[in-house]
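1. sequence below, structure please.
(one chain, ligands or ions: 1)
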Amino acid sequence: MYDVVIVGAGPAGIFTALELLRKGSRHKILLLEKGRPVEKRHCPKAETGRCMNCKPYCHITTGFSGAGAFSDGKLSLNHEVGGDLPSLIGEFYAQELIDYTDSIYLEFGADEHVEGVDHSDKVKDIRKRAIQAGLKLVDCPVRHLGTEKAQQLYYALQQYLLEHGVEIRFGVECRNLVLKDGACTGVIVAEGGRETEIAGRTIVVATGRRGADWLEALCAEHHIDHKPGTVDIGVRVECRNEVMEQVNKVLYESKLIGYPRPFKNKVRTFCQNPGGFVSQENYDNDLAVVNGHSYKEKKSPNTNVAILCSHNFTEPFNQPIAYAQKIGEVTNMLGAGHILVQRFGDILDGKRTWQKELAFSNVRPTLKDAVAGDITAAMPYRAMTNIIGFIQMVDQVVPGFASTETLLYSPELKFYSNRVNMDADLHTSIANLYCLGDSSGWTRGLMMASVMGVLMARKLMGVR
Ligand SMILES: Cc1cc2nc3c(=O)[nH]c(=O)nc-3n(C[C@H](O)[C@H](O)[C@H](O)COP(=O)(O)OP(=O)(O)OC[C@H]3O[C@@H](n4cnc5c(N)ncnc54)[C@H](O)[C@@H]3O)c2cc1C
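-> Residues are numbered from 1 along each chain as shown. This is a model prediction of the structure:
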């Protein structure tokens, strides 16, 4: 019998265990992770040059530190970025927890430098152009760990937890929850081909974006209060660093939000990677989706950034994850299982992009196995119209952004929809069961997921 069983060793799970230790907990803590320790995680693409669709899971998103290890490691230090947790616990408390959690990242080796806090006159100039274009510029200081440094930092965290008595079991997949009389009393896990039950007084599920549809199925099976939330559908845009130079230098990450005509849906930039690389991640059902990251040292001549359109559904439809997956599947089908890439000018001209045409441009794709084609054949009209309108708005802030050669990769999908209902103390409708991080639908970034872990630990310890 464990006091606390945490499922998923991503930032949310890690910071739950860490904060319990920091607050002097004597709880018997078990951390279950279906992937490997951080030092044993390895993506073969570095050698093969293409995604090998690893089985049984993708090493980019699975293993100690979750989607964080191979991520760009950009810690957003403003409560307006990274998810809706502040609406649950209040903006001031959320910011206090961000500052505290940031200090832990610093303790474990994060770079002291913070991007996006200087050059106030230059920021004013960018904001003025954003206003003229009808866009909101969100101020967000960013601490950039960098992909390789993030792995070292999470290794230090992993060793700290192990040295301080947290039991971490790798290669163990949680299959289900055990519920008795309306309370959660344990989990069913699969390990070495066998299913066993592990009992716990408190069960914390923090399975990340990859675990979002699994958790949605559990919510339906066990009647855990939840509601379909937002799903984000979009593209990854890539252009030359020269085009993005000013925003890269001044803001590092330009967080722009707009509501283009005629639909006026929320469209935003997300995860900007100056000198970065477009990447691919594969979900369990072989869905290939596009992402982006940047290294601290190794740089490309390009900048990539996601453009995401939020989709909310109304009655009678309530399966946002399935909706986004279908769009992804059709896009993958058109690219023969690869990520599709198309030039912005070709989209406006109503034609596909041919592989040879990619060589005509200043910008060369950093995702080498992306296949040139027609993303508009799979993207819903509403999303495509939103994306085109938004790119043209951003062009007024970043001249050249809407140029003919700008590359659009698809599908870029964010599965954080299913939102588990909870109160400000993080209680769900099932006693002793807590759901954290990206899989809970309340966070969508490293910092906010880490913050939710810190908060979880404090709630379990009964301290603020
Ligand atoms: C390529 C990439 C780049 C990113 N870049 C950034 C960035 O720069 N800045 C930023 O803020 N965010 C970034 N993100 C998002 C960020 O990584 C996530 O928001 C964050 O990691 C969420 O933390 P989490 O703890 O909720 O889940 P995760 O980090 O996803 O961790 C969940 C863990 O649970 C494990 N798990 C899942 N299901 C089970 C199961 N059934 N049994 C046992 N274990 C299970 C998984 O293996 C995983 O290790 C990026 C994501 C990706 C993929």
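2. mind listing what the closest residue in space to Lys227 that isn't next to it in sequence touches?
-> Leaving out its chain neighbours, the residue that sits closest to Lys227 by C-beta to C-beta, 6 or more residues apart in numbering is Arg419, at 5.5 Å. (C-beta placed from N, C-alpha, C; glycine too.) Arg419 makes contacts with His226, Lys227, Pro228, Gly229, Ser440, Gly441, Trp442, as judged by C-beta atoms under 8 Å, 6 or more residues apart in numbering.
3. let's see which of those residues end up in helices.
-> Counting by DSSP state H, the contacts of Arg419 place Ser440 in helices.
4. and the contacts of Arg419, which are buried?
-> Neighbour-count burial (16 or more other C-beta atoms under 10 Å) applied to those gives His226, Pro228, Gly229, Ser440, Gly441, Trp442.
5. for the protein, what spans make up the helices?
-> Taking DSSP H to define them, one finds helices in the chain at 11-22, 45-48, 85-89, 91-107, 120-133, 147-163, 212-222, 241-251, 320-334, 344-349, 381-397, 437-440, 446-461.
6. columns mean pLDDT on top of these, output as CSV?
-> Shown next, in CSV, are the helices of the chain (pLDDT from 0 to 100):
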stretch, mean pLDDT
helix 11-22, 98
helix 45-48, 80
helix 85-89, 96
helix 91-107, 97
helix 120-133, 92
helix 147-163, 92
helix 212-222, 89
helix 241-251, 92
helix 320-334, 93
helix 344-349, 98
helix 381-397, 97
helix 437-440, 93
helix 446-461, 97
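7. so which of the ones you listed is the most surrounded?
-> Counting by mean count of other C-beta atoms under 10 Å, helix 437-440 has the highest mean neighbour count of the helices of the chain, with a mean of 33.
8. which residues are in contact with that helix?
-> Looking at what lies outside helix 437-440 - C-beta under 8 Å, 6+ apart - the contacts are 8, 10-13, 67, 83, 205-209, 211-212, 214-215, 416, 419-420, 422, 443-444, 449, 452-453.
9. ok, the buried ones among the contacts of Arg419 vs the ligand, which is closest?
-> Comparing the buried ones among the contacts of Arg419 against the ligand with C-beta to the nearest ligand atom picks out Ser440 as the nearest, at 7.6 Å.
10. rewinding a little: out of the contacts of helix 437-440, which are close to the ligand?
-> On the criterion C-beta under 6 Å from any ligand atom, 8, 10-13, 67, 206-209, 211, 214, 443-444, 449 are the entries of the contacts of helix 437-440 that sit beside the ligand.
11. the ligand versus the residue nearest to Lys227, what's the distance?
-> To the ligand, Arg419 is 13 Å away according to C-beta to the nearest ligand atom, to the nearest Å.
12. how about the buried ones among the contacts of Arg419 in a markdown table, adding distance to Ile375?
-> Written out in a markdown table, the entries for those read as follows (distance: C-beta to C-beta, whole Å):
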| residue | distance to Ile375 |
| --- | --- |
| His226 | 31 |
| Pro228 | 25 |
| Gly229 | 25 |
| Ser440 | 31 |
| Gly441 | 27 |
| Trp442 | 30 |
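13. quick check: which of these has the minimum pLDDT.
-> The pLDDT minimum for those sits at Gly229, where the score is 72.
14. the ligand contacts on the stretch 201-350 of the chain?
-> Listed as neighbours of the ligand in the stretch 201-350 of the chain under the rule C-beta under 6 Å from any ligand atom: Ala206, Thr207, Gly208, Arg209, Arg210, Gly211, Trp214, Cys271, Ser279, Glu281, Asn291, His293.
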